[in-house]
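Need coordinates for the following:
(chains A, B and C)
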Amino acid sequence: MNDTAPPSSRPHAERLIEAVIFASREPVPMRTLATLLPEGEDLDSVLAALRARHEGGGIELVEAGQGMMFRTAPDLAPALRRVVEIPRRLARAAMETLAVIAYHQPVTRAEIEEIRGVSLSQSALDALLEADLVTPAGHREAPGRPALWATTPQFLVQFGLKSLRDLPKRSDLLVEPAGPAPADP
Amino acid sequence: MNDTAPPSSRPHAERLIEAVIFASREPVPMRTLATLLPEGEDLDSVLAALRARHEGGGIELVEAGQGMMFRTAPDLAPALRRVVEIPRRLARAAMETLAVIAYHQPVTRAEIEEIRGVSLSQSALDALLEADLVTPAGHREAPGRPALWATTPQFLVQFGLKSLRDLPKRSDLLVEPAGPAPADP
Amino acid sequence: MPDSDAAPSPEPVEAFIVRFEGFEGPLDLLLELARGQKVDLANVSILALVEQYLAIVEGARRVRLELAADWLVMAAWLAWLKSRLLLPEDETAAEEGEIAADVLAARLQALEAIREGAAWLGARPQLGQDVFPRGAPEDFTEIDRSRLHVDLTSLLTAYLAARRRSGAKRQYRPKPMNFWSVQQALERLTRLLGATRDWTDLAGFLPPELPDSSEPPLARRAALSSTLLAGLELARDGQLALRQEQPFGPIQIRPGPEPEPDHE
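As a prediction, the model looks like this:
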């Protein structure tokens, strides 16, 4: 065992994984964590112990994108906002555009406009690009070869999602399951 | 584990201070921390509790400058360190000098300058000496007994050559006649 | 306009006109109107929506003359839809109306789903807004620059660059080309011809500096052609004769005029 560590030391593997995730601003990929782990240790159980240890604390361990990260507990947000610098929130149009791209990706600008029923403002697209939430994803092989848009890995991190599958299903979003629209009387 | 705290069991003040220090870019000054504390809470005891909580873990609370910050435990540093090799490139002058020495060795400094058409900078020669690519090789029996330069065995290793004969012939390199020059290697 | 009996009371219509610019386009307004029906979106009355929309756009035009084109385009399409729904001319028109109403309902549902999706995203704790990452990340990466990145190509490129640079400074000095001239061949042939009686290979009269084919072939061929030219010159003057037994065979010479009786 480590002779420099304090006597009350927790398991080496847990300390190591805690340190590397804690030190990083971005989620640490599972692969990286696995390579750090001593032979024979199980990453899942180490992570479970770590999560339990921080439960109810000021920071919590979450899975975001393809990795693990610490972030502050959500209920502390109001108090933290007074101290930490906060970027502007996304405007409604940008947020809706983001939702369209998230649900329909890869999607063209024309399709976004069709779904929202309004033309896409440059400022909304700029805001999403600047926040690294969306990215061009090639072209559709159709007349004019329109550019396609998709969400970025940062999108998952920003909203604390493990993958795009974590997005609620369309049918869950509509209050009632969308049946066939009835004809008007 | 006896320290697995049930959710929200830790005091609010401790959670808040933990989160603020975690999320801040710089060490958080004591003054700032004090203003965040609810009336009647004592900062020193909160910090003491926080420090005790992380003792023996992967991270520790340390005082840096006039503020508090979290750092990974020093004993973990060797396990976390990752060495990335980024090989250096030789500067252009050093590379040219090396090439002239390789093709014309043993060669004097004056001859190198004559062939390159510019004076030889000490830094270029130093770089080659430091990289163990060239070495002094005696003196020319001529007025002033100028030092001669030649390539080292390391030069062959570095460029993956079995011997100097593996270098492409000068006549194969130079399309136009080279004019008066020392004999081919 | 027969709007007062079909459309709801004019009170909410006035409110909509006031907030007209708050809507993000016609579809946004239609969705808001559909929500106002307080029923599941799947059971919304398209006809009621159409009439409300037309009433609002009509009202807005009374207040302001200019109205963005997409509002009017939607109004025209809804007016067409209304006619198909209310008084279809025949079965085909009625069917067209039903399909169009379904399309509109589906578009409203799609927009509603996106609205809910955006709301769901907006309600999540957002990194940098509600929850915060490590503010002062530590980097454990060490960069080792002790190794050299070199290859043979860069060495050769450097050598050529060095030679080219110094070469540009040197004065151009064409290499002297020492070829055996016709004049020299003429002198040598005249001199040697005296010692010859019989047919002799032309190559035997080449200068002694070209003993064998190890010399650059260019110099040898130049000497040979000069000697041949000299031989032809002397033959014209009748001082010697030339013959070649077969094409590309050795050319031979001997002193004296053209040997006419040779074949007889």
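
Can you name every helix or strand that the host helix or strand of C:L186 contacts?
For C:L186, the element it lies in under DSSP states H and E is helix C:182-193. On a contact count with 3 or more C-beta pairs under 8 Å, 6 or more residues apart in numbering or on different chains; DSSP states H and E, helix C:182-193 meets helix C:217-236. For glycine as for every other residue, the C-beta is placed from the backbone atoms N, C-alpha and C.

And the helix or strand just after the helix it packs on, what's buried?
Beyond helix C:217-236 on the C-terminal side, the first helix or strand identified by DSSP H and E is strand C:240-244. Within strand C:240-244, the residues scored as buried using 16 or more other C-beta atoms under 10 Å in any protein chain shown are C:L240, C:A241, C:L242.

Would you tell me which residues of chain C are close to chain B?
Within reach of chain B by C-beta under 8 Å from any C-beta of the partner chain, chain C has these residues: C:132-136, C:138, C:140-152, C:154-156, C:158-163, C:165-170, C:173, C:175.

who's in contact with the closest residue to chain C within chain A?
Taking C-beta to the nearest C-beta, chain C has its nearest neighbour within chain A at A:G117, 2.5 Å off. If you count contacts by C-beta atoms under 8 Å, 6 or more residues apart in numbering or on different chains, A:G117 has them with C:E24, C:G25, C:P26, C:L27, C:D28, C:R107, C:L111.

The same query, at a cut-off of 6 Å, please.
A:G117 makes contacts with C:G25, C:L27, as judged by C-beta atoms under 6 Å, 6 or more residues apart in numbering or on different chains.

phi, psi of it?
Geometry field for A:G117 lists phi and psi as phi 80, psi 10, criterion degrees, to the nearest 10.

In space, what's closest to residue 34 - neighbours in sequence excluded?
You didn't pick a chain, so chain A it is. In this structure, A:A34 finds its nearest non-sequential neighbour in A:L43, 5.4 Å apart by C-beta to C-beta, 6 or more residues apart in numbering or on different chains.

if you could check chain C rather than the one you did, that'd help
Distances taken as C-beta to C-beta, 6+ apart put C:V44 closest to C:A34, at 4.6 Å, once the chain neighbours are dropped.

so what pLDDT did the one you found get?
For C:V44, the model assigns a pLDDT of 83.

now it: how far from C:Q109?
9 Å (C-beta to C-beta, to the nearest Å).

what about the spatially most central residue of chain A, which SS state?
Chain A has A:L156 as the residue nearest its centroid, 2.1 Å off, counting by C-alpha atoms, centre = their mean. With DSSP: H, G, I helix; E, B strand; the rest coil as the basis, A:L156 sits in helix.

circling back: give me the more crowded residue out of C:V44 and C:Q109.
Counted by other C-beta atoms under 10 Å in any protein chain shown, C:V44 and C:Q109 do not tie: C:V44 has more neighbours, with 26 against 20.

contacting residues around A:D132?
Counting by C-beta under 6 Å, 6+ apart, A:D132 makes contact with A:T152, A:Q154.

Help me confirm that it is found in a strand?
No: counting by three-state DSSP, A:D132 is not found in a strand; it is coil.

Count the neighbours of A:G40 for me.
A:G40 is flanked by 6 other residues according to other C-beta under 10 Å.

Per-residue pLDDT of the closest residue to C:G256 other than its chain neighbours, please?
Nearest non-adjacent residue to C:G256, counting by C-beta to C-beta, 6+ apart: C:A241, 6.1 Å away. Looking at C:A241, its pLDDT reads 86.

And for C:P211?
48.

and if you look at C:Q246?
84.

Please enumerate the strands of chain A.
Counting by DSSP state E, the segments of chain A that form strands are A:28-29, A:59-64, A:67-72, A:107-108, A:134-139, A:147-151.

Please read the previous query as pertaining to chain C.
C:141-144, C:200-201, C:240-244, C:251-255.

what sits against the closest residue to the residue nearest to the centre of chain A other than its chain neighbours?
Nearest in space to A:L156, with sequence neighbours left out and distances taken as C-beta to C-beta, 6+ apart, is A:G65 at 4.2 Å. Residues near A:G65 by C-beta under 6 Å, 6+ apart: A:P27, A:P153, A:L156, A:V157.

separation between A:G65 and A:V157?
Using C-beta to C-beta, A:G65 is found at 5 Å from A:V157.

So, low pLDDT: which residues of chain C?
Where chain C drops to pLDDT under 70, the residues are C:1-21, C:64-65, C:167-178, C:209-216, C:257-264.

How about the residues of it by chain A?
Applying C-beta under 6 Å from any C-beta of the partner chain, we find that chain C lies next to chain A at C:24-25, C:27, C:40, C:42, C:45-47, C:85, C:98, C:101-102, C:105, C:109-110, C:113-114, C:116-118, C:120-122, C:124-128, C:130-134, C:137-138.

So which of the residues you listed are in helices?
Counting by DSSP state H, the residues of chain C next to chain A place C:27, C:46-47, C:85, C:98, C:101-102, C:105, C:109-110, C:113-114, C:116-118, C:120-122 in helices.

For C:A162, which residues are in contact?
Each residue near C:A162 by C-beta under 6 Å, 6+ apart is listed here: B:E96, B:V100, B:R116.

One more: C:A118?
Applying C-beta under 6 Å, 6+ apart, we find C:A118 in contact with A:M95, A:E96, A:A99.

10 Å - rerun?
Shown in contact with C:A118 (C-beta atoms under 10 Å, 6 or more residues apart in numbering or on different chains): A:90, A:92-100, A:102-103, A:173.

before we move on, what about A:M95?
A:M95 is in contact with A:R89, A:A124, A:A127, A:L128, A:L133, C:I114, C:R115, C:G117, C:A118, C:A119, C:L121, C:G122, counting by C-beta under 10 Å, 6+ apart.

Among these, which one sits closest to C:A93?
C:A93 lies nearest to C:I114 out of those, by C-beta to C-beta, at 31.9 Å.

from what I can see the closest one touches A:E96, true?
Yes: with contact defined as C-beta atoms under 10 Å, C:I114 reaches A:E96; the gap is 6.0 Å.

Pull up the gap between the residue lying closest to A:A79 once chain neighbours are set aside and B:L33, please.
Distances taken as C-beta to C-beta, 6+ apart put B:L16 closest to A:A79, at 5.4 Å, once the chain neighbours are dropped. Going from B:L16 to B:L33 by C-beta to C-beta gives 9 Å.

Which one's more surrounded, those two?
B:L16 (24 against 21).

Name all residues that make contact with that one.
If you count contacts by C-beta under 10 Å, 6+ apart, B:L16 has them with A:58, A:72-73, A:75-76, A:79-80, A:83, B:33, B:36-38, B:41, B:46.

tell me the least confident of the contacts of C:A118?
Among those, A:L173 carries the weakest pLDDT, at 81.

What separation is there between that one and chain B?
29 Å (C-beta to the nearest C-beta, to the nearest Å).
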